[in-house]
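Engineer: The sequence isn't on hand, but the structure is:
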């Protein structure tokens, strides 16, 4: 896309946001790649080199639980040291301006909150990788309390209260989507007048159904993503550009 055309699209997006009252932002892994966190499905995605562990395998196999914790503490995704980038900060500035009502995210890195967006405005569809929970009683565990015994002695964590299996608070393949978060995301989508899908391949359902839901309910739909998506044809505006620089220009 030529520079002039990009500038026109950025100006059009700025006008859309200004004219809107209830903006919902939907983010995928692409917004966090500029923070050094690799995506999953892109050309250099994690799943090109590492097969995800299915939830049923995690529950049924101690070997797979051990493999899961080894991956977690190897921190191949660089979650621990990641910081919000220009894209996260631009979204937070729109939250502070009263434009964005909710951020629906497929990400588990917590960078929206770290950039200053209140936790109650972030709907985490795939959970959060910064802590763990018991699958039986939902008791929360901090990762630092698990890391030492596992790394030093190979101790796989079990719940000290009920003996249940402890897992990072993320939604794995084969695991049911969180009911409350899905309901909140649906309501926010139906209430919005502008829906911005940012950095998502829009192929993971049911989460990827929200942009289409917003459009069918009368909201304008914008996609910002470096690669094309299957929903581009339904959009009011599409920008195949870097997210941080693009959003920075929108809010400046």
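Structural biologist: Happy to help now that I have it. Please read these numbers as outputs of a predicted model, since none were measured by experiment. Numbering: from 1, shown residues only.
Engineer: ok, now how distant is the residue nearest the centre of the chain from residue 60?
Structural biologist: When CA atoms, centre = their mean is applied to the chain, the residue found nearest the centroid is residue 107 (2.0 Å). Computed as CB to CB, to the nearest Å, the residue 107 to residue 60 distance reads 27 Å. For glycine as for every other residue, the C-beta is placed from the backbone atoms N, C-alpha and C.
Engineer: And residue 90, by the same measure?
Structural biologist: For residue 90, the distance to residue 60 - CB to CB - is 43 Å.
Engineer: Flag every buried residue along stretch 149-159.
Structural biologist: For stretch 149-159, the neighbour count (16 or more other CB atoms under 10 Å) marks 150, 157, 159 as buried.
Engineer: The last one touches residue 139, doesn't it?
Structural biologist: Yes - proximity of residue 159 to residue 139 meets the contact threshold set by CB atoms under 8 Å, at 5.8 Å.
Engineer: Longest helix of this structure, counting residues only.
Structural biologist: helix 3-19 (DSSP state H).
Engineer: buried residues in that helix?
Structural biologist: Buried residues in helix 3-19 (16+ other CB under 10 Å): 6, 9, 10, 13, 16, 17.
Engineer: quick one, strands of the stretch 101-250 of the chain?
Structural biologist: Assigned by DSSP state E, counting those that start in this stretch, the stretch 101-250 of the chain shows strands spanning 122-124, 127-134, 140-142, 166-170, 194-198, 220-224, 237-239.
Engineer: Any idea which of the ones you listed gets closest to residue 80?
Structural biologist: strand 127-134 (8.6 Å; CB to CB).
Engineer: If you count neighbours, what's buried in the closest one?
Structural biologist: 127, 128, 129, 130, 131, 132, 133, 134.
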